[in-house]
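A.B. asks: Sequence and computational prediction follow.
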Amino acid sequence: MKGPLFYSKILLFGEYGIIEDSKGLSIPYNFFNGALKIPDSVSEKSSQSNLILADFCLYLKGFKEIDLDLSLFEKHINKGLYFDSSIPKGYGIGSSGALVAAIYDRYSNNKITVLENLTREKLLVLKTIFSKMESFFHGKSSGLDPLNSYLSIPILIKSKDDINVTGIPSQKSNGAGAIFLIDSGKTGSTAPMVSIFMEKMKSDGFRKMISSQFIKHTNLCVDSFLNGDVKNLFDNTKKLSKIVFDNFKPMIPNEFHDLWKKGIDSGSYFLKLCGSGGGGYILGFAPDIDQAKNDLKDYNLEVVYHF
């Protein structure tokens, strides 16, 4: 047995903000993918994944409101079912989200399909199911990563209760501006990063900064990107990069602190967290990608979108 492919995603805007009701914009990233498989022969990789699926199945038995065929899931697990994935774990691009999407797609008894008229209500039902499922992997999931992987189309979050599929401006293949990924060279873990954020939220000053600055500029970035307003996008991404640098230091790998600040000071590129941070990929925005590549020549930049 081999199931359909489910892809990684990039949360362009909204990391941490969507926990506090900011806007968010998530796009599929088809460079990496994964699929459920029953192997012909067992390997170390397949057996490790199989053990995780067995634990996940036990967890799902606690949710009567999620209508999955868990007896079939268990039967397949006993036959060696695993998630065969090229999506790097701990890199902020939705490895657990793709796994959750694949399991819902294969084992849901009452599946909302991509071919239906996806009303806001149906999207919220899916997001709620996915949130409960993915929380097994990192404590408090918004459900957005599995939703993006399952639908494989860009998703706009206007608030917790207002999500829609959306179109994004067409890329300019020869455009000077670009969005890129940098590999930090180490993995991050979502749960401890979210715990740090929730702890910081107990501080009045941090909460005020989130509502008056972080969410404001996150929302302006989303609006600018969707409207194709590149100048305002870079203006607000620069401000957002500085806010993150000043207030989210634990989420930025130490060896990237100087690089982060150099980008803000020079205007050559602006870095931001890709997912929860702590490692994995770092997201970058460059008004001139050739200049950014020159300034970041010691790093491999993976361009994901051209302006």
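C.D. replies: That came through fine.
A.B. asks: And the strands in the protein?
C.D. replies: Using DSSP state E, the strands of the chain run over residues 6-13, 24-37, 82-85, 155-159, 162-165, 178-183, 270-273, 281-286, 301-306.
A.B. asks: For these, give me TSV that also has mean pLDDT, distance to Phe136 and mean neighbour count.
C.D. replies: Just so you know, the C-beta spots here come from the backbone N, C-alpha and C atoms, and that holds for glycine as well. Converted to TSV, the strands of the chain look like this (pLDDT from 0 to 100; distance: least, Cβ to Cβ, whole Å; neighbours: other Cβ atoms under 10 Å):
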stretch	mean pLDDT	distance to Phe136	mean neighbour count
strand 6-13	96	17	26
strand 24-37	96	16	20
strand 82-85	98	13	22
strand 155-159	92	21	19
strand 162-165	92	22	16
strand 178-183	96	26	21
strand 270-273	97	23	25
strand 281-286	97	23	26
strand 301-306	94	28	17
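A.B. asks: Which among those strands is found nearest to Ala292?
C.D. replies: Of all these, it is strand 281-286 that lies closest to Ala292, at 3.6 Å by Cβ to Cβ.
A.B. asks: Counting by contacts, list what the closest one packs against.
C.D. replies: Applying 3 or more Cβ pairs under 8 Å, 6 or more residues apart in numbering; DSSP states H and E, one finds that strand 281-286 contacts strand 178-183, helix 230-247, strand 270-273.
A.B. asks: Tell me what angle that strand forms with strand 24-37.
C.D. replies: Going by axes from the mean of the first three to the mean of the last three Cα atoms, to 10 degrees, strand 281-286 is angled at 140 degrees with respect to strand 24-37.
A.B. asks: Excluding its own residues, what touches strand 281-286? List them.
C.D. replies: Applying Cβ atoms under 8 Å, 6 or more residues apart in numbering, the contact partners of strand 281-286 are 10, 12, 91-93, 177-184, 233-234, 237, 241, 252-253, 256, 263, 268-275, 292, 296, 301.
A.B. asks: re the thing from before, and the helices and strands packed on strand 281-286 as a markdown table, adding distance to Ile87?
C.D. replies: Formatted as a markdown table, the helices and strands packed on strand 281-286 follow (distance: least, Cβ to Cβ, whole Å):
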| stretch | distance to Ile87 |
| --- | --- |
| strand 178-183 | 13 |
| helix 230-247 | 24 |
| strand 270-273 | 18 |
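A.B. asks: Looking at these, spot the one closest to Lys132.
C.D. replies: Per Cβ to Cβ, nearest to Lys132 of the helices and strands packed on strand 281-286: strand 270-273, 24.5 Å.
A.B. asks: Adjacent strands (with direction) for that closest one?
C.D. replies: strand 281-286 (antiparallel) (DSSP bridges).
A.B. asks: I'd like to check the angle between the partner strand and strand 178-183, please.
C.D. replies: Using the same axes, to 10 degrees: strand 281-286 against strand 178-183 is 150 degrees.
A.B. asks: roughly how far out does strand 281-286 sit from the chain middle?
C.D. replies: The chain centroid and the centroid of strand 281-286 are separated by 13 Å under Cα atoms, centre = their mean, to the nearest Å.
A.B. asks: do stretch 210-220 as well
C.D. replies: 19 Å.
A.B. asks: how long is it end to end?
C.D. replies: Distance between the boundary residues of stretch 210-220 (Cα to Cα, to the nearest Å) amounts to 14 Å.
A.B. asks: So what touches that stretch?
C.D. replies: For stretch 210-220, the external contacting residues (Cβ under 8 Å, 6+ apart) are 13-14, 16-17, 20-24, 201, 232, 236, 239-240, 243-244, 247.
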